[in-house]
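Asks: Predicted model and sequence below, questions to follow.
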Amino acid sequence: MKNVIEIKNLKKKYDNFTLGPINLNIPSGLVIGLIGENGAGKTTLLKAILNIIKSEGEIKTIPNSEIGVVLDNMFFPEVLTPNNINTIMKSIYETWDSKLYFKYLQDFNLDSKQIIKKMSKGMRKKLEIITALSHQPKLLILDEATSGLDPIVRNEVLELFQDFIKDDEHSIIFSSHITSDLEHIADKIVFIDKGQIVLDILSEELLDNYGILKCKKEEFKKITKTDYISYKENKYNYELLIKDKKKIHKKYPDLVIDKITLEDLMILIIKGEKVC
Amino acid sequence: MLGYIKKDLLVIVNNFKSLGLFFLVYIVFAFVEKMDVSFLPPFITFMLVITSFNYDNYNNYDAYGVTLPSGRRNIVLSKYLVSIGLVIIATIIALGISFLTSYSNPEFNMEITLLTSLATTLTLIFIISILFPFVFKFGIEKARIGILILVFGIAIFGSLIIKFINLENIDLNFLNSSLTPYIVTLIIIIITILSYLLSKRIYKNKEF
């Protein structure tokens, strides 16, 4: 499998925040879900990949003519119309497909003559996504691409991404706070916390092996510390993040192990007490 | 490259629509009042170019633009080409209107009008050349303050020179030479090229 992005020892230092060192390969044909709380470094990582910011280390990507981007609050000036964007983009990308672009505009009920300024946040986001898809990229880099969209449009957009990924050569890096969106489409999860990758795992592996063990205080005291990654004390019970569901289930057959969601994973890694 | 030029032109044209009334007033003045206001169109064009930076800044276009193919190089080049190109086109249009209105204006002097237009154009290109590296380095908001400080600095420096140097003792007759417009034009071209190279260097390493 060919990589569309290879990152070695990427570092970016700010006064109060450091990203990295990051080592990450993005294989073609996969949807990578980038998760982490606000300020964890997701956008900084995407900006470094796209050369919007300068960083240390090595980043190899496919040519940016083959990358489509949707960035949070970064787009064409709002006095332009979708028609204008078509005029501009067909001179920038050799592969720009005007026919496809206007089809998308029609499918998403966007007026080609309306200036961006007069569009709602959801309409703008749709236009940004359509623009990113219309030069037939091989890689989509999406930063909060579904935020601000209502559930129906979000679903339409996710279907669009699923269509895009049907081609084995296509990949997506998708950073989002809406973890349920990522659960729908991500093949691999990359979890960033405080500028570091704390988890880089295939979704299938995550769902098969990771789980949330729920127990009472007395039961919690009996569990070996090496059997869980972190835990959270709730009002009536304890929640433990476990890495090997089958092994733990054998060892503690009376305890309940729930399926893990990305939200649980984030909360337990960020807010949970770590086991030393 | 063409796409980036189109983007800047479309931003300016879409914004120009709201200034249509201003141009109407200009044409009325030019025809009815028989005034030589040929300096106005290039000046308004210059203001429109500056406004295009505002829109870019407001919508974080630069961060998006640098992700497009050859974005960093073309964004800078297109700003220079569009700004200078439009100022020159506006000057030519203004000159055309001046000639059209000249038939009813007995005071019309072609040589003075041509020289005024050349001086206006070169002054605006000079301002563009000084301003743009500041804009690319610090952004349009900070650059505005910077340019104000620069203008005041030059004014104060100039007035101090005039105060301490007796200009009467200096022979300024060379300024009346027929070669002066050509020499000034050449100097402005050199300044513009240097300004572009500096802006390109600044933008190459800029973070958004």
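Replies: Cool, the structure landed. This one's a predicted model, so the numbers in the text were calculated from it and none came from an experiment. Numbering: from 1, shown residues only, chains lettered A, B, ... in the order given.
Asks: need the longest helix for chain B.
Replies: Ranked by residue count, the top helix of chain B under DSSP state H comes out as helix B:71-102.
Asks: Can you work out which other helices and strands pack against it?
Replies: helix B:2-16, helix B:20-32, helix B:40-58, helix B:61-65, helix B:110-138, helix B:180-204 (3 or more C-beta pairs under 8 Å, 6 or more residues apart in numbering or on different chains; DSSP states H and E). Placement of C-beta: from N, CA and C, glycine included.
Asks: winner for burial among those helices?
Replies: Burial of the helices and strands packed on helix B:71-102 is given as mean neighbour count (mean count of other C-beta atoms under 10 Å in any protein chain shown); helix B:61-65 ranks first at a mean of 22.
Asks: now for that helix, which elements pack on it?
Replies: Checked by 3+ C-beta pairs under 8 Å, 6+ apart, helix B:61-65 has helix B:40-58, helix B:71-102 packed alongside it.
Asks: between the helices and strands packed on helix B:71-102, which gets nearest to A:Leu127?
Replies: helix B:61-65 (12.4 Å; C-beta to C-beta).
Asks: Residues in contact with the closest one: which ones?
Replies: If you take C-beta atoms under 8 Å, 6 or more residues apart in numbering or on different chains as the criterion, helix B:61-65 is touched by A:47, A:52, A:69, A:71, A:74-77, B:4, B:55-56, B:71, B:75, B:206, B:208.
Asks: quick one on the thing from earlier: could you tell me the least trusted of the helices and strands packed on helix B:61-65?
Replies: Lowest mean pLDDT of the helices and strands packed on helix B:61-65: helix B:40-58, a mean of 84.
Asks: tilt between that one and helix B:71-102?
Replies: 160 degrees (axes from the mean of the first three to the mean of the last three C-alpha atoms, to 10 degrees).
Asks: Need the residues that contact stretch A:111-119.
Replies: A:75-83, A:86, A:102, A:105, A:110, A:124, A:127, B:14.
Asks: now that we have those residues, which one has the most neighbours?
Replies: Looking at those with neighbours defined as other C-beta atoms under 10 Å in any protein chain shown, the largest count falls to A:Pro77 at 27 neighbours.
Asks: Strands of chain A, residue ranges please.
Replies: Remark: strands assigned in chain A by DSSP state E are A:3-13, A:18-27, A:31-35, A:56-61, A:67-70, A:139-143, A:171-175, A:188-193, A:196-202, A:211-215, A:230-233, A:238-242, A:256-259, A:273-274.
Asks: mind putting those in CSV, mean neighbour count and distance to B:Leu24 included?
Replies: Formatted as CSV, these follow (neighbours: other C-beta atoms under 10 Å in any protein chain shown; distance: least, C-beta to C-beta, whole Å):
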stretch, mean neighbour count, distance to B:Leu24
strand A:3-13, 17, 52
strand A:18-27, 19, 54
strand A:31-35, 24, 53
strand A:56-61, 14, 50
strand A:67-70, 24, 41
strand A:139-143, 24, 44
strand A:171-175, 25, 49
strand A:188-193, 21, 56
strand A:196-202, 15, 60
strand A:211-215, 21, 70
strand A:230-233, 17, 68
strand A:238-242, 22, 69
strand A:256-259, 13, 68
strand A:273-274, 11, 70
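Asks: Enumerate the residues of chain B near chain A.
Replies: Near chain A, the residues belonging to chain B are B:2-4, B:6-7, B:10-11, B:14-15, B:52, B:55-56, B:58-61, B:63-64, B:66-69, B:71-72, B:205, B:207-208 when assessed by C-beta under 8 Å from any C-beta of the partner chain.
Asks: thinking again about what came up before, could you single out the nearest of the contacts of helix B:61-65 to B:Tyr196?
Replies: B:Ile75 (12.2 Å).
Asks: Now that closest one: closest residue in space, sequence neighbours ignored.
Replies: Once flanking residues are discounted, B:Ile75 sits nearest to B:Gly65: 5.0 Å by C-beta to C-beta, 6 or more residues apart in numbering or on different chains.
Asks: rewinding a little: just send the strands of chain A back as a markdown table, with mean pLDDT and distance to chain B too.
Replies: Shown next, in a markdown table, are the strands of chain A (pLDDT from 0 to 100; distance: least, C-beta to the nearest C-beta, whole Å):
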| stretch | mean pLDDT | distance to chain B |
| --- | --- | --- |
| strand A:3-13 | 95 | 10 |
| strand A:18-27 | 92 | 13 |
| strand A:31-35 | 94 | 17 |
| strand A:56-61 | 94 | 11 |
| strand A:67-70 | 96 | 5 |
| strand A:139-143 | 96 | 8 |
| strand A:171-175 | 95 | 13 |
| strand A:188-193 | 94 | 19 |
| strand A:196-202 | 93 | 21 |
| strand A:211-215 | 91 | 38 |
| strand A:230-233 | 90 | 35 |
| strand A:238-242 | 91 | 36 |
| strand A:256-259 | 89 | 37 |
| strand A:273-274 | 76 | 33 |
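Asks: want to throw those into TSV with distance to B:Ile149?
Replies: Listed next are these as TSV, based on distance: least, C-beta to C-beta, whole Å:
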stretch	distance to B:Ile149
strand A:3-13	31
strand A:18-27	35
strand A:31-35	43
strand A:56-61	35
strand A:67-70	37
strand A:139-143	37
strand A:171-175	40
strand A:188-193	42
strand A:196-202	43
strand A:211-215	60
strand A:230-233	54
strand A:238-242	57
strand A:256-259	62
strand A:273-274	52
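Asks: These: which one's closest to B:Glu107?
Replies: Among these, strand A:67-70 sits nearest to B:Glu107 (C-beta to C-beta), with 58.0 Å.
Asks: Give me the residues contacting that closest one.
Replies: Identification of contacts with strand A:67-70 by C-beta under 8 Å, 6+ apart yields A:50, A:61, A:125, A:128-129, A:131-133, A:135, A:137-143, A:145, B:64, B:67.
Asks: That strand pairs with which strands, parallel or anti?
Replies: Strand A:67-70 pairs in its sheet with strand A:139-143 (parallel), by DSSP bridges.
Asks: roughly how far apart are the spatially most central residue of chain B and B:Val87?
Replies: Centroid check for chain B by C-alpha atoms, centre = their mean gives B:Leu124 as the closest residue, at 3.1 Å. B:Leu124 sits 5 Å away from B:Val87, going by C-beta to C-beta, to the nearest Å.
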